[in-house]
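*Asks:* model the structure of this input:
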Amino acid sequence: MSVLSFQAVQFPALDHRSLPRRRSSTGYINTVRCGIAEPSGKPAPFGQKTRYNDGFFEKVFMTLFARKMGRFAAPAKSGIEAEKKRSWWDCDYERFVDVSKRVMQGRSRMQQQEVVREVLLSMLPPGAPDQFRKLFPPTRWAAEFNAALTVPFFAWLVGPSEVVEVEVNGVKQRSGVLIKKCRYLENSGCVGMCVNMCKIPTQDFFTNEFGLPLTMTPNFEDMSCEMVYGQVPPPFEEDPVSKQPCFLEICSMANPNSSICHKLQA
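*Replies:* Reported below is the predicted structural model:
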């Protein structure tokens, strides 16, 4: 998903000293733990859902996205009227994921991605993509700045992440974001939802609408994900995710008769 802006906002000059940091083998890394409720303070093991303490603002973001996406979703089992009566702070992550699943129903891979694009555009003020292109031309500074913004802005959606050093076109830069264990993927348990409702539309949105290339590489072994700003994403047919099988044991929509997730083929 895209970093959101509801109106014109002026950000102060980025001061890396003001961000939480820890030491790693590659130097200091900006990191946000994001309200994890696990006793260890870390994401739960593969196959288990991490517990979070979501606050008011996290629930507002969830509700906003859920309502925007709900316009394209199949009716909820609980009924449309029940959905409308929810307050801004009455949404939870499970409902947000449920809406995403209902958006997928009856839509092809490309149609699912187009819905996400429409939702992201609806979250932005008029002319935002053009303004973004002027403020953030595809430079190393723009890539690093957006990586730093992603860590706090995406926390409600994907969980804790950190800025890491990556190599783009032979140049080392701090424009990578490592998501420890993607909350969206672990809660949905669906490869197709990860690819069609997050990875591909987010890549395309930054690359084509904002003019800042972005490549997202999910790791389906541990549900982590690396985002690299400034790196042009490969065509879908050449991306390893296009051959990824379903999570048969944890995905309610999995097809055991297909070697590749069927949501990636439609």
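*Asks:* shaky segments in the chain?
*Replies:* 1-34, 78-90, 266 (pLDDT under 70).
*Asks:* what's the helix or strand harbouring Asn187 packed up against?
*Replies:* In the assignment (DSSP states H and E), Asn187 maps to helix 183-188. On a contact count with 3 or more CB pairs under 8 Å, 6 or more residues apart in numbering; DSSP states H and E, helix 183-188 meets helix 93-104, helix 155-158, helix 191-194. The C-beta positions use only the backbone N, C-alpha and C, and glycine is treated the same way.
*Asks:* list the buried residues for the next helix or strand along the chain from the first one?
*Replies:* Meaning helix 93-104. As assigned by DSSP H and E, the chain's next helix or strand after helix 93-104 is helix 109-122. Along helix 109-122, these residues count as buried under the neighbour rule (16 or more other CB atoms under 10 Å): 109, 112-113, 115-117, 119-120.
*Asks:* which helices and strands does helix 109-122 pack with?
*Replies:* Using 3+ CB pairs under 8 Å, 6+ apart, helix 109-122 sits against helix 56-70, helix 93-104, helix 200-204.
*Asks:* tell me the buried residues in the helix or strand just after it?
*Replies:* With elements assigned by DSSP H and E, the helix or strand that comes after helix 109-122 is helix 128-135. Buried residues in helix 128-135, counted by 16+ other CB under 10 Å: 128, 132.
*Asks:* how many neighbours does Phe206 have?
*Replies:* By the measure other CB atoms under 10 Å, the count of residues near Phe206 is 25.
*Asks:* isn't it right up against Met216?
*Replies:* No. The pair Phe206 / Met216 is not scored as a contact, 9.5 Å apart, by CB atoms under 8 Å.
*Asks:* make a markdown table out of the helices and strands packed on helix 183-188 and add distance to Lys77 and mean neighbour count.
*Replies:* Output for these, formatted as a markdown table (distance: least, CB to CB, whole Å; neighbours: other CB atoms under 10 Å):
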| stretch | distance to Lys77 | mean neighbour count |
| --- | --- | --- |
| helix 93-104 | 9 | 20 |
| helix 155-158 | 24 | 22 |
| helix 191-194 | 18 | 25 |
